[in-house]
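Asker: Here's my sequence, what's the structure:
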Amino acid sequence: MVKNKPLWAAGLISLLLVTLLSACGGAVTTAGDPAPAKQTGKEPSKEKPAATRSFATVKGNIEIPVQPKRIVTDYYGGELLSVGANVVGVEPTTFDNPFLKKRLTGVVDVGTPVNVEKTLELAPDLIVVMYDKNYEELSKIAPTLHIPYGTTSNIYEAVRLFGDIAGEPQKAEQFIAAFDHKAAQGREKLKGVIDPNATFGLYELTDKGTLWVFGDNAGRGGQTVYNALGLKMPDLVRSEVKGNTGSVQLSMEVLPDYAADYMFLTTYDPEKKGEALRQLQASSVWQGLNAVKNNTLFMNDFDTFYRYDPIAVMGQIDLVVDMLLARAEENKANKN
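Answerer: The predicted model follows:
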């Protein structure tokens, strides 16, 4: 007579069978369990999804990475680089910025407006644009922030804004501290050399012969001259550029009214013809300016002083201080 096996023995045998099957590479599932993943020979990714947060823009709240790893931008390359962001694509004129050239190794020209196909190839996790052409297409590639021109009014606001965007607020404060230190050094060097009541003006001549005057937030050295070094803007210029996006077009007849003791002129002349500048310098109005007579007029390189990103502004401090000190020595020697 054969006796039935006890229930515990049957359970033990079942457990052994399962263990053997598992050891031979078999997959065991039970009702309600998900099917096993297909074997690929690769370890499954252990990376956690990037943390995100909501960022308010003129286009509404956008969900962006807390710390983006790959950023494409049009005109905000310098702002992002100032806070240590990893910029992988910028618009083409950024490569003409002498203050950024060494920082753009490996960065790709994405065109202007930003080319959708080139951007897709770069696989960014964040896109930041000044102009919103292609915004909808770019938004399908990665979270896209539209930060219009003029959103910030000085270097402090700009650095802190982009430090926030890049998830690097500490690096933003470090940049600001370095900027303040360099500005203080520059002001100290000019003490006793530049009359504190002397006025400084920023002007630009175009290849079409039009003439402009600029305030403190439209490039051409404004942030450097007026904010970092604390040099004085002519009263008429201050009143006119306010509310005019930082610049006002002048006629030749009124130029003497907007003139300053020290005048910095940039020339926009992409074909390097020089004709507009020759006509300006030959005019009696120009020759009658005190800055021309006193040798306190400076011809500034367009690509160098057009820039207004934080890195450029920092670099312009030394340039402006050095040119003022050198001209003061030159004028002093000419008097002796």
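
Asker: mind checking which helix or strand Arg278 is in?
Answerer: Assigned by DSSP states H and E, Arg278 falls within helix 275-282.

Asker: Show me the contact partners of the next helix or strand after that helix.
Answerer: Once helix 275-282 ends, the next helix or strand along the chain (criterion: DSSP H and E) is helix 284-287. Applying C-beta atoms under 8 Å, 6 or more residues apart in numbering, the contact partners of helix 284-287 are Met252, Glu253, Leu255, Pro256, Leu280, Gln281, Val292. In short, each C-beta sits where N, CA and C put it, glycine included.

Asker: List the buried residues in the helix holding Arg278.
Answerer: Across helix 275-282, burial judged by 16 or more other C-beta atoms under 10 Å covers Ala276, Leu277, Leu280.

Asker: Give me the phi and psi for the residue nearest the centre of the chain.
Answerer: Geometric centre of the chain, nearest residue: Glu79, 2.4 Å, by C-alpha atoms, centre = their mean. Here is the backbone geometry of Glu79 (degrees, to the nearest 10): phi -60, psi -40.

Asker: Identify the residues contacting it.
Answerer: Contacts of Glu79 by C-beta under 8 Å, 6+ apart are Ala158, Val159, Leu161, Phe162, Asp309, Pro310.

Asker: And the pLDDT at it?
Answerer: If you check Glu79, the pLDDT there is 98.

Asker: now it: how far from Thr224?
Answerer: Using C-beta to C-beta, to the nearest Å, Glu79 is found at 16 Å from Thr224.

Asker: For the helix holding Arg278, the averaged confidence score.
Answerer: Mean predicted confidence for helix 275-282 is 94.

Asker: Same check on stretch 209-220?
Answerer: The average pLDDT for stretch 209-220 rounds to 92.

Asker: just stretch 154-162 next, same as before
Answerer: Averaged over stretch 154-162, pLDDT sits at 96.

Asker: Pull out the buried positions in that stretch.
Answerer: Buried, per 16+ other C-beta under 10 Å, within stretch 154-162: Ile155, Tyr156, Ala158, Val159, Arg160, Leu161, Phe162.

Asker: Closest to Val213 out of the residues you listed?
Answerer: Distance to Val213, by C-beta to C-beta, is smallest for Ile155 among the buried residues of stretch 154-162, at 20.9 Å.

Asker: roughly how far apart are that closest one and Phe162?
Answerer: In this view, Ile155 and Phe162 are 11 Å apart by C-beta to C-beta.

Asker: got it, and Tyr203?
Answerer: According to C-beta to C-beta, Tyr203 and Phe162 sit 29 Å apart.

Asker: same question, Gly89
Answerer: Counting by C-beta to C-beta - Gly89 and Phe162 are separated by 16 Å.

Asker: residues in contact with Phe179?
Answerer: Ile155, Val159, Ala228, Pro310, Val313, Met314.

Asker: biggest separation within these, which pair?
Answerer: Top of the distance list for the contacts of Phe179 (C-beta to C-beta): Val159 and Ala228, 12.9 Å.
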